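Colleague: need a structure here:
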Amino acid sequence: MKKISAKLVKPYRVDHGKQFRLKDYDPGHTAGVKDKQEATELLQRGIQELAELQDKLYAQDSWALLLIFQAMDAAGKDGIIKHVMSGVNPQGCQVYSFKAPSTEELDHDYMWRTMVRMPERGRIGIFNRSYYEEVLVVRVNEELLQAQRIPQALLSKDIWKERFEDIRSFERYLTRNGIVVRKFFLNVSRKEQKRRFLARLDAPEKNWKFSAADIRERGFWDDYMDAYEDMIRHTATTDAPWHIIPADNKWFTRIAVAEAVIDTLKDLKLSYPKVDSAKAKELEAARGLLEDKK
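Modeller: From the prediction side, this is the model:
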């Protein structure tokens, strides 16, 4: 069986956003993967490899990995988490989905609700949406900014630039403390989003996924694309890069994300903890006791 190649996702990684243009990334690109059948085979191999790496991450208990997923509605965030992480031990994985902030959350700074959910050492943390909503949804819907009750004197025209600065600093802080940050923008086309919305309406078992608010937000498509482009341009760094993953074909999206995670964990040079001499003697003593008794 073919393995996923690291070359698969290299073109989608953005370490320096200064020259980034969203129009340069094709939502339908599949990097030479022919069809769903080939992708399924690659994903199964990737899931197995990811499970082995996650086991070492957990055993070593030193690094943590934070995966952030941002996308327009119906881009497939839930499916990615479900399929790519299907082989990972639940004990070593923490998933949080960030909805509209609660009253308690609005009484804190905008980073607070995500800071308290950072992954522990040895774990993979997954954010389905994140603090990046604060430069996306809040930017497109400015009434949400007013709801945050920030002192009026601080609501200057530079607020988005200031938030980008804060986010870069925060992610640098995480990195310096052993929390590796990898960010994914699932790049779905407007045409494909429409198709998926209609599919939710046509299939009774998918009706629950549909929300009238999704249609309202779709009306701001161009504003969102501008906000995503500006966000990636200002927050893509070597330590916390963005991956602009084509999302029009779910079967490709899944293997591309899987490879990016695998590649990241491989770079950490993970290994199982070595047993010191005292522990080795303890194990030998235990073996002796077990072998001496029936």
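
Colleague: show me what the most centrally placed residue in the chain is bridged to.
Modeller: Closest to where the C-alpha atoms of the chain average out (Cα atoms, centre = their mean) is I68, at 2.7 Å. With DSSP bridges applied, I68 shows beta-bridge pairing to F127, K183.

Colleague: show me where the protein has its strands.
Modeller: For the chain, applying DSSP state E gives strands covering 13-14, 64-71, 93-97, 124-128, 179-187, 242-246.

Colleague: which other helices and strands does the fourth one contact?
Modeller: Judged by 3 or more Cβ pairs under 8 Å, 6 or more residues apart in numbering; DSSP states H and E, strand 124-128 is in contact with strand 64-71, helix 77-84, strand 93-97. Where you see a C-beta, it was placed from the backbone N, CA and C, and this is true even at glycine.

Colleague: can you give me the offset of the longest helix along the chain from its chain's centre?
Modeller: Looking across the chain with DSSP state H, the single longest helix is helix 36-60. For helix 36-60, the distance from its own C-alpha centre to the chain's C-alpha centre is 16 Å (Cα atoms, centre = their mean, to the nearest Å).

Colleague: in it, what counts as buried?
Modeller: Of the residues in helix 36-60, those buried under the neighbour-count criterion (16 or more other Cβ atoms under 10 Å) are 38-39, 42-43, 45-47, 49-50, 53-54, 56-58, 60.

Colleague: closest one to D276 out of those residues, please.
Modeller: D276 lies nearest to Q60 out of those, by Cβ to Cβ, at 15.0 Å.

Colleague: which residues does that closest one contact?
Modeller: Going by Cβ atoms under 8 Å, 6 or more residues apart in numbering, Q60 touches G122, L270, S271, Y272, P273.

Colleague: and which of those residues is nearest E192?
Modeller: Each of the contacts of Q60 was checked against E192 using Cβ to Cβ; the closest is L270, at 36.1 Å.

Colleague: helices of the protein, start to end?
Modeller: Using DSSP H, helices in the chain cover 36-60, 77-84, 103-106, 112-115, 137-140, 143-146, 159-176, 190-202, 212-218, 221-235, 250-267, 277-292.

Colleague: list the helices and strands the fifth one packs on?
Modeller: Same thing as helix 137-140. helix 143-146, helix 221-235.

Colleague: including mean neighbour count, mean pLDDT and distance to A247, could these go into CSV?
Modeller: Formatted as CSV, the entries for those read as follows, by neighbours: other Cβ atoms under 10 Å; pLDDT from 0 to 100; distance: least, Cβ to Cβ, whole Å:
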stretch, mean neighbour count, mean pLDDT, distance to A247
helix 143-146, 12, 93, 25
helix 221-235, 18, 98, 12
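
Colleague: format those helices as JSON lines; extra columns: distance to S102.
Modeller: Conversion of those to JSON lines gives the following (distance: least, Cβ to Cβ, whole Å):
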{"stretch": "helix 143-146", "distance to S102": "14"}
{"stretch": "helix 221-235", "distance to S102": "23"}
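
Colleague: how about those helices, which one is nearest K157?
Modeller: Across the helices and strands packed on helix 137-140, K157 has its closest neighbour in helix 143-146 (12.3 Å, Cβ to Cβ).

Colleague: quick one: contacts of that closest one?
Modeller: Against helix 143-146 from outside (Cβ under 8 Å, 6+ apart): V137, V138, L155, I159.

Colleague: most surrounded residue in those residues?
Modeller: Using other Cβ atoms under 10 Å as the neighbour test, the contacts of helix 143-146 are led by V138, with 22 neighbours.

Colleague: residues in contact with it?
Modeller: Going by Cβ under 8 Å, 6+ apart, V138 touches L144, L145, Q148.

Colleague: pull the number of nearby residues for the last one.
Modeller: Residues lying near Q148 (other Cβ under 10 Å) number 16.

Colleague: just give the nearest non-adjacent residue to it, would you?
Modeller: L106 (6.0 Å; Cβ to Cβ, 6 or more residues apart in numbering).

Colleague: list the contacts of the one you found.
Modeller: The contact partners of L106, by Cβ under 8 Å, 6+ apart, come to A147, Q148, R149.
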